[in-house]
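[1] Got a predicted structure plus its sequence, pasted below:
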Amino acid sequence: MTSERPVLLRVRGVGRRYAGVTALAAIDVDVRGGEVLAIIGENGAGKSTLLKILSGVVQPSEGTLEVADARGALGGVELDGVRDATRAGIALVHQELNLAENLDVAGSIYLGREPSRFGFLDRARMRADARKWLARVGLEIDPGTLCGTLPIAQRQLVEIAKALSTESRVLILDEPTSSLTMRETDRLLEIMDELRRAGVAVVFVSHHLDEVMKIADRVIVLRDGRKTGELVRGEYDRAMIERLMVGRDIAASARREVAANAAVRLEIASLTSAHRRRRPVSFAVRAGEIVGLAGLVGAGRTEILEAIAGVTTHGGEVRLDGSALAGDASSRVRRGVAIVPEDRARNGLFLENPVAMNMSLAWIDRTSRARLVDQRAEPSLVSRMIARMQLRPPQPARRVQTLSGGNQQKTVIGRWLAVDPKVLLLDEPTRGVDVGARAEIHAEVRRLAEAGSAVVFASSELEEVLLLADRIIVMHDGAIAGELAAHEATEVAIMHLATGGAAHAHPTGTHA
Amino acid sequence: MKRALGIIGIFLAILVFSIFFAENFTTGINLMQLTNRTALYSVLALGAALVIVTGGIDLSIGSVVCLAGIMTPWLLIEHEWTPWQVIPTVLAMSAFIGLCHGLLITRLKLQPFLVTLCGLLLYRGIARWMTGDQSQGFMGEYGDVRAIALAKFSIPGLTDYRLPATVIPALVLAILIGLFLSRTVWGRWLLATGRNESAARYSGVPTAWLVTGSYVACSLLAGFGGMLFIFDIGSAQPSDFGNFYELYAIAAAVLGGCSLRGGEASVVGVLFGVATLRVLQNTITLAGYSSQIEFAVVGGVLLLGVAADELIRRYAARRLERAGAVAARA
């Protein structure tokens, strides 16, 4: 059945390396018109690299791409930039929406290729045409509406309309549902179905197996940059996909017991973020406890972690071992607060510098004498941390740039090991990290908790939250929507709270 | 040190060219003046380097040189202060100027370019207004104080070359700043701040204080340099004294391997960067080219140096990537 559908895009032996690290290797894919193809895999499996190659954002280090012409004959192409891909009928809708907020909907759809008459913008035609494309995605809004005023879900549909308006036959969606509510997600899946009927090839990446199983005709599973399986609808089940994703059955994690009488280490009272109006948040974390912050993108998790660390200013109070934490990040670090930021390239690492410098920065002042760097203590402490984090390769002089995502993350975490943090804050601790390194990072976080740290982490992956947390705080729209003990938490229960559903066992508001 | 190799090479090439093609280049008096000027400009360039390391820039150096340099004889001669009052006052004023720059940049989050551009206009304007735009000089007095810059030390075995005293403060500062950057916690933090300010903040580095400190140091060195300059030349016009000195200082620092993106510095490189510009300027004059072409030559050399540096860097990065690819396949 699938084989009768025309192949629009053929990928053969495609691979990509970054600075010697293989992100993707030997990928074969046929993208067919009238079909929804799902690409799944864990973070760092190579999904976004594959999408970037398909849409011309990056060029493959090896392998070939072939695109069908008007008569359906395949011919080899080199997609050197997004313009080439657009010309070949391929359009990508980014995970981070790229609409200019100050443009209206019609202007966004036709950005860079505005219809004109005698050199003047033909606004009437632009709006009329925009209306046509908006109808295709089931969006009944005035094309003159400013994009900035639209909710996320509608902005996404505008992006899809924009992609269709370039006469694309292959539509690529990068995690299109990651910031949508359940109802919005269902609506998007319907639209994907309509596009499929119209003969468009829809390729999408998702972390949600439910959606994938609902809509996809075919599923490609990636792991560590390789294709581990290609499954056709009706021939697979959830467990099969999970096995292909992680290469083993996902075992239930060993539960840890947190002593109920352990002292409260970190206390947050009526915390509000200074630069965004949010409802105040309060919670407490005991020594040795690991608390997971769950919630959708934009629910306010990052803001809480950054406020506790003192990286951003905040209202309300943060107390450590009973006494108030004040001042900026540097004074809080000196009191034992450590943060592992979400965007490690921007906020965590000095990419052009060696591992040793990246690790020692947080504590060279403590090993120094009269502010002179202790030239003997530094390298020996760095090598101990490298060994403890199982950094590969274990070379202190290696530039961080050349390390894989997992090892980069281990470098950031390793920075704090030497100071025995009292509070460890981790924002998306294993984003872009391969499965093996993820397990090692989780083990290290548990060891720190066992040594008495209060750990708070934010993760968008429910699986990670369930695996690592002793207690789960679910956030929705800047406030705490509910709290779940690890043993009573399920993905469904968390999602229910995260999407604004009322809490049953723990009514909203008890902790906020 | 590796970063300084490029500029040392350029310096040697220009030096050899000068020795062969510039008449009177190797005379004792010329070399003496050349060393003196290199030392004086080094004081300014070292300060500029400290700011550039943070990823910032200070365009006000020349105007601070002017204000500090003009104020020194003005206070001594017109207001009859003693040197023991004047020198600390002028240095404190320079440091205060830097503190203002630093606070405006770190607290008010203004761009360094803008803040110090305003400084460039402000301090020269003040210097000209304060003195009624009149030339200021020592009137042949204060020879003992001016000896800080004017003294010359004989070197055994050399008859027509004596070492200018300005070399001493320049070298002491270079060594101190070199040790500061490579050996102290603050130096490490400063380099890290320049490389990635946000990551430094998340690691607990007090970035705002370090950046402020670097502007204080830069203006302080500019003020100190301005004093040495006026001791050396004796008198100057507020309208043109120190003009373009910030650009010489920045150019020397960049030639010496300080990336304007921040996070990289080489004190040895900065010294050779200054020396290169000085030899170039000297040779243009001696070889009989019109001195009007000087700016063009300096600009050309700077452009070549920076372009060469970028190309070498890219080549190294590509080699690294290829080496990594081979290792990954193995």
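    Thanks, I have it.
[2] can you list the weak-confidence ranges in chain B?
    Counting by pLDDT under 70, the ranges of chain B that qualify are B:1-2, B:320-330.
[3] Would you point out which residue of the stretch 51-200 of chain A is nearest chain B?
    A:S61 (8.2 Å; Cβ to the nearest Cβ). Backbone N, C-alpha and C define where each C-beta goes, glycine included.
[4] and that residue, what is it in contact with?
    Shown in contact with A:S61 (Cβ atoms under 8 Å, 6 or more residues apart in numbering or on different chains): A:15-17.
[5] which one of those residues is nearest chain B?
    A:R17 (5.7 Å).
[6] Need the three-state assignment for that closest one.
    Counting by DSSP: H, G, I helix; E, B strand; the rest coil, the backbone at A:R17 sits in strand.
[7] coming back round to it: so which of the contacts of A:S61 wins on neighbours?
    In terms of neighbours by other Cβ atoms under 10 Å in any protein chain shown, the contacts of A:S61 top out with A:R16 at 22 neighbours.
[8] ok now do that residue, which residues does it touch?
    Counting by Cβ under 8 Å, 6+ apart, A:R16 touches A:22-24, A:49, A:53, A:58, A:60-61.
[9] which of these tops the neighbour count?
    Counting by other Cβ under 10 Å, top hit in these: A:L24 with 28 neighbours.
[10] That residue belongs to a helix?
    No: per three-state DSSP, A:L24 lies outside any helix segment and is strand.
[11] right, and it touches A:Y18 too?
    No: between A:L24 and A:Y18 there is no contact under Cβ atoms under 8 Å: 9.6 Å.
[12] what residues are shared contacts of these two?
    In contact with both A:L24 and A:Y18: no residue, using Cβ under 8 Å, 6+ apart.
[13] And the contacts of A:S61, which is the shakiest by pLDDT?
    Within the contacts of A:S61, pLDDT reaches its minimum at A:R17, with 82.
[14] can you give me the strands in the stretch 401-512 of chain A?
    Ranges of strands in the stretch 401-512 of chain A, per DSSP state E, counting those that start in this stretch, are A:423-427, A:454-458, A:471-476, A:479-485.
[15] which residues sit against the first one?
    Counting contacts by Cβ under 8 Å, 6+ apart, the residues outside strand A:423-427 that touch it are A:265-266, A:285, A:301-302, A:305-306, A:308-309, A:320, A:336-342, A:413, A:416, A:445, A:448-449, A:453-458.
[16] Can you list the strands that that strand pairs with?
    When sheet partners are counted by DSSP bridges, strand A:423-427 sits next to strand A:337-340 (parallel), strand A:454-458 (parallel).
[17] Same check on the longest one?
    In the sheet containing strand A:479-485, the strands it pairs with under DSSP bridges are strand A:471-476 (antiparallel).
[18] Domain map for chain A?
    Taking automatic domain parsing as the reference, chain A has its domains at A:1-89+A:168-250, A:95-161, A:264-352+A:422-498.
[19] okay, the strands of the stretch 401-512 of chain A in CSV with distance to B:F25 and mean neighbour count next?
    Output for the strands of the stretch 401-512 of chain A, formatted as CSV (distance: least, Cβ to Cβ, whole Å; neighbours: other Cβ atoms under 10 Å in any protein chain shown):
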stretch, distance to B:F25, mean neighbour count
strand A:423-427, 61, 25
strand A:454-458, 66, 26
strand A:471-476, 72, 24
strand A:479-485, 75, 21
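[20] what's the most buried one of the domains of chain A?
    A comparison of the domains of chain A by mean neighbour count, using mean count of other Cβ atoms under 10 Å in any protein chain shown, puts domain A:264-352+A:422-498 on top with a mean of 20.
[21] can you give me the end-to-end distance of it?
    End-to-end distance of domain A:264-352+A:422-498 (Cα to Cα, to the nearest Å): 26 Å.
[22] per-residue confidence averaged over that domain?
    Averaged over domain A:264-352+A:422-498, pLDDT sits at 88.
[23] Likewise for stretch A:243-260?
    Mean predicted lDDT for stretch A:243-260 stands at 61.
[24] B:F21 and chain A, how far apart?
    40 Å (Cβ to the nearest Cβ, to the nearest Å).
[25] Tell me how many other residues crowd the spatially closest residue to that residue that is not a sequence neighbour.
    Excluding the flanking residues, the one nearest B:F21 by Cβ to Cβ, 6 or more residues apart in numbering or on different chains is B:A287, at 6.0 Å. B:A287 is flanked by 14 other residues according to other Cβ under 10 Å.
[26] ok now stretch B:11-31, how far from the chain's centre?
    22 Å (Cα atoms, centre = their mean, to the nearest Å).
[27] Correction: the previous question concerned stretch B:66-81.
    23 Å.
[28] swap in stretch A:334-347?
    Counting by Cα atoms, centre = their mean, stretch A:334-347 is centred 17 Å from the centre of its parent chain.
[29] Can you tell me what sits against that stretch?
    By Cβ under 8 Å, 6+ apart, the list of residues contacting stretch A:334-347 from outside reads A:302, A:305-306, A:308-311, A:320, A:325, A:329, A:348, A:351, A:362, A:408-409, A:412-413, A:415-416, A:419-429, A:431, A:458, B:196, B:198-199, B:201-202, B:204.
[30] which residues of the stretch 1-150 of chain A score low on pLDDT?
    A:1-3, A:19-21, A:42-44, A:95-97.
[31] What ranges does it have for its helices?
    A:47-54, A:82-87, A:105-109, A:123-136 (DSSP state H, counting those that start in this stretch).
[32] What about contact with chain B: does the first one have any residue there?
    This points to helix A:47-54. No: Helix A:47-54 lies out of reach of chain B by Cβ under 8 Å from any Cβ of the partner chain, never closer than 15.0 Å.
[33] which helices and strands does that helix pack with?
    strand A:7-18, strand A:21-32, strand A:35-41, strand A:90-93, strand A:170-174, strand A:201-205 (3 or more Cβ pairs under 8 Å, 6 or more residues apart in numbering or on different chains; DSSP states H and E).
[34] Skipping its backbone neighbours, what lies nearest residue 197 in space?
    Going with chain A. Going by Cβ to Cβ, 6+ apart, A:R197 has A:G34 as its nearest residue, at 7.3 Å.
[35] Correction: the question concerned chain B.
    Nearest one to B:E197, counting by Cβ to Cβ, 6+ apart, is B:T207 at 5.5 Å.
[36] Roughly how far does that neighbour sit from B:G194?
    As defined by Cβ to Cβ, to the nearest Å, B:T207 lies at a distance of 10 Å from B:G194.
[37] between those two, which one's more packed in?
    Taking other Cβ under 10 Å, B:T207 and B:G194 do not tie; B:G194 has more neighbours (28 against 25).
[38] That one looks like it's in a strand, true?
    No: counting by three-state DSSP, B:G194 is not part of a strand but helix.
[39] ok, now which ones touch the residue of the stretch 201-350 of chain A found nearest chain B?
    Closest residue of the stretch 201-350 of chain A to chain B, Cβ to the nearest Cβ: A:V333 (2.7 Å). Listed by Cβ under 8 Å, 6+ apart, the contact partners of A:V333 are A:362, B:203-204.
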